[in-house]
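Asks: Here's a sequence, model it:
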Amino acid sequence: MKSVVTLVCLLGILSGQAQTRSDAQSVPASQSTAQAVSDPLPADAAAIDELSAKVEALERKTSTWDKILAHLPRVSGYIQLRYLWDDADQSTFTVRRARLDLKGDITKKIDYRLQVEFASKVQIVDAFVQYKPFRQLNVKVGQYKIPFSIENTDYTPLKFEFIEYPMALRKLMGFSEVVGGETLSATGRDMGLTLYGGFGERDGYSLVNYDFGVFNGSGINTADNNRSKDIVARLSVKPAEGLTLSGSYYWGEYGKAYLKRQRYTVGACYDRGAVVVRSEWVGGTTGIAATETAPANDLSSDGWYAMVGWRASHTWMPVARYESFYANSDVRSDTRQTNYTVGVLWQPLKQLRCQLNYTYEDYALPTTGNKNVVAVMLTGIF
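Replies: So this is what the prediction gives:
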């Protein structure tokens, strides 16, 4: 904006100078000499001073407008439309996600984000403020992604290569988590406060990164239902560019009975250039309340996944994933589910993503039939 204004003014100056010279040539010498004696400044200098003053005034207005724009939120968002089919009983179109995202800077060290979900029901998924005084120590407070695991922390829906997150993460970190017989649908988020930062700067990234957070433990847009607070800690090491080694631990108590909710994960990811390879193991212990027919007990669950993707071009990316989950680690033979997924991601435009996934679901329990599942998802980004 400033460069355009300056260019226009300079063109005006040159035009004025040319006109002045032309006029000077057409005026008789005696008249020109008398005018030079009576004028305090030459005509060219007066025109330049006048135009310079106009340029400075316009630049001040432009600077004020730029400051106003800098404090306005940056608006973006996306819509994900999914078709899901299996050979059991499912064939449906759904609006998977429809989100409006507002981000802004209050100062150079303080920013904020508000992300609202409109699919199924209107709800806030992200609402937080960050204070970032140092690279080694930053503070985030509000509602946001729990810093647990590589995929939940680092791979948002617009970066994630598959349509669905792996079972172990969905079952044990709030996506469709079952705790005490109830499903906690929290999209891997919660309300709380997190300290985070990094050490050992190298080529634009930190060798060691940490997160330490305190959360309600009851999911998004929900007040805590006990006096206990959940704690999560995550440590990531990046020994080389594109390589991440990570471990996370989550400790909490849910419900008025203060039942145990512990989660832990270790994993590794290499994501650089054309290749991405990622694998994590996720485990957890969930307290189960006593009933009339059974005493209180702890349920242990665990699972793992391994995926690989190849960016064949700027628009195409084939992917494959193997995953296995045990709903009850003590009865592994009957509670295992194994999924084999292959798919392709096609992004012909920055604003459009197209994904196709085929999954074969293999159940260990003989009474549960295996399934073929096909999913297609279109994402429009603005």
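Asks: most centrally placed residue in this protein?
Replies: Closest residue to the average C-alpha location of the chain: Thr156 at 4.8 Å, with CA atoms, centre = their mean.
Asks: domains for the protein, by residue range?
Replies: Using automatic domain parsing, the domain parsing of the chain gives 2-67, 75-381.
Asks: Make a markdown table from the ones you listed and add mean pLDDT to it.
Replies: Below are the domains of the chain laid out as a markdown table (pLDDT from 0 to 100):
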| stretch | mean pLDDT |
| --- | --- |
| domain 2-67 | 58 |
| domain 75-381 | 94 |
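Asks: Highest average neighbour count across the ones you listed: which stretch is it?
Replies: domain 75-381 (a mean of 17; mean count of other CB atoms under 10 Å). For every residue, glycine as well, the C-beta is placed using N, CA and C.
Asks: That one: end-to-end distance?
Replies: 11 Å (CA to CA, to the nearest Å).
Asks: Stretch 226-233 now?
Replies: End-to-end for stretch 226-233, by CA to CA: 21 Å.
Asks: Give me the residues contacting it.
Replies: 146-148, 190, 192, 210-217, 248-256, 258, 261 (CB atoms under 8 Å, 6 or more residues apart in numbering).
Asks: what about Ala46, which SS state?
Replies: helix (DSSP: H, G, I helix; E, B strand; the rest coil).
Asks: Can you pick out the ones from the contacts of stretch 226-233 that are in strands?
Replies: Those of the contacts of stretch 226-233 mapping onto strands are 190, 192, 210-215, 248-254, 261, per DSSP state E.
Asks: Show me where the stretch 101-250 of the chain has its helices.
Replies: 150-154, 167-172 (DSSP state H, counting those that start in this stretch).
Asks: starting at the chain centroid, how far to the shortest one?
Replies: Looking back up the chat, that one is helix 150-154. The chain centre lies 10 Å from the centre of helix 150-154; the measure is CA atoms, centre = their mean, to the nearest Å.
Asks: what does the longest one give?
Replies: With CA atoms, centre = their mean as the basis, the distance from the averaged C-alpha position of helix 167-172 to the chain average is 19 Å.
Asks: swap in stretch 226-244?
Replies: On CA atoms, centre = their mean, the centre of stretch 226-244 falls 16 Å from that of its chain.
Asks: Tabulate the helices of the stretch 101-250 of the chain (CSV), appending distance to Ala46.
Replies: As requested, the helices of the stretch 101-250 of the chain are exported to CSV (distance: least, CB to CB, whole Å):
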stretch, distance to Ala46
helix 150-154, 62
helix 167-172, 72
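Asks: and of the ones you listed, who's closest to Ile48?
Replies: helix 150-154 (56.0 Å; CB to CB).
Asks: The closest one packs against which elements?
Replies: Counting contacts by 3 or more CB pairs under 8 Å, 6 or more residues apart in numbering; DSSP states H and E, helix 150-154 is packed against strand 243-254, strand 259-272, strand 275-288.
Asks: export those strands to CSV and tack on distance to Phe199?
Replies: CSV is the format used below for the helices and strands packed on helix 150-154 (distance: least, CB to CB, whole Å):
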stretch, distance to Phe199
strand 243-254, 15
strand 259-272, 20
strand 275-288, 23
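Asks: do you know which of those strands lies nearest Gln130?
Replies: Closest among the helices and strands packed on helix 150-154, using CB to CB: strand 243-254, at 20.1 Å.
Asks: tilt between that closest one and strand 275-288?
Replies: Per axes from the mean of the first three to the mean of the last three CA atoms, to 10 degrees, the angle that strand 243-254 makes with strand 275-288 is 20 degrees.
Asks: Go ahead and measure how far strand 243-254 is from the middle of the chain.
Replies: For strand 243-254 - counting by CA atoms, centre = their mean - the centre lies 19 Å from the chain centre.
Asks: Any chance you could list what contacts stretch 260-270?
Replies: Under the criterion CB under 8 Å, 6+ apart, residues 148-150, 154, 172-173, 179, 217, 230, 242-254, 276-287, 298 lie in contact with stretch 260-270.
Asks: and if you look at stretch 76-95?
Replies: 96-101, 103, 119-120, 157-158, 163, 369, 371-382.
Asks: Tell me which entries of those lie within helices.
Replies: Judged by DSSP state H, helices contain none of those.
Asks: Now, those that are in strands?
Replies: 96-101, 103, 371-381.
Asks: how far away is the residue nearest to the centre of the chain from Ile146?
Replies: According to CB to CB, to the nearest Å, Thr156 and Ile146 sit 13 Å apart.
Asks: Over to Gly369?
Replies: Distance of Gly369 to Ile146, given as CB to CB: 34 Å.
Asks: before we move on, the earlier item: hmm, which two among the ones in strands among the contacts of stretch 226-233 are most spread apart?
Replies: The most distant members of the ones in strands among the contacts of stretch 226-233, if one measures by CB to CB, are Tyr210 and Tyr254, lying 25.2 Å apart.
Asks: got the contact list for the residue lying closest to Val208 once chain neighbours are set aside?
Replies: Once flanking residues are discounted, Val208 sits nearest to Phe199: 4.8 Å by CB to CB, 6 or more residues apart in numbering. When contacts are counted by CB under 8 Å, 6+ apart, Phe199 touches 136, 206-209.
Asks: before we move on, what about Glu50?
Replies: Here Glu50 is in contact with no residue (CB under 8 Å, 6+ apart).
Asks: Can you pull the phi/psi pair for it?
Replies: phi -70, psi -40 (degrees, to the nearest 10).
Asks: What separation is there between it and Lys132?
Replies: Counting by CB to CB, the gap between Glu50 and Lys132 amounts to 46 Å.
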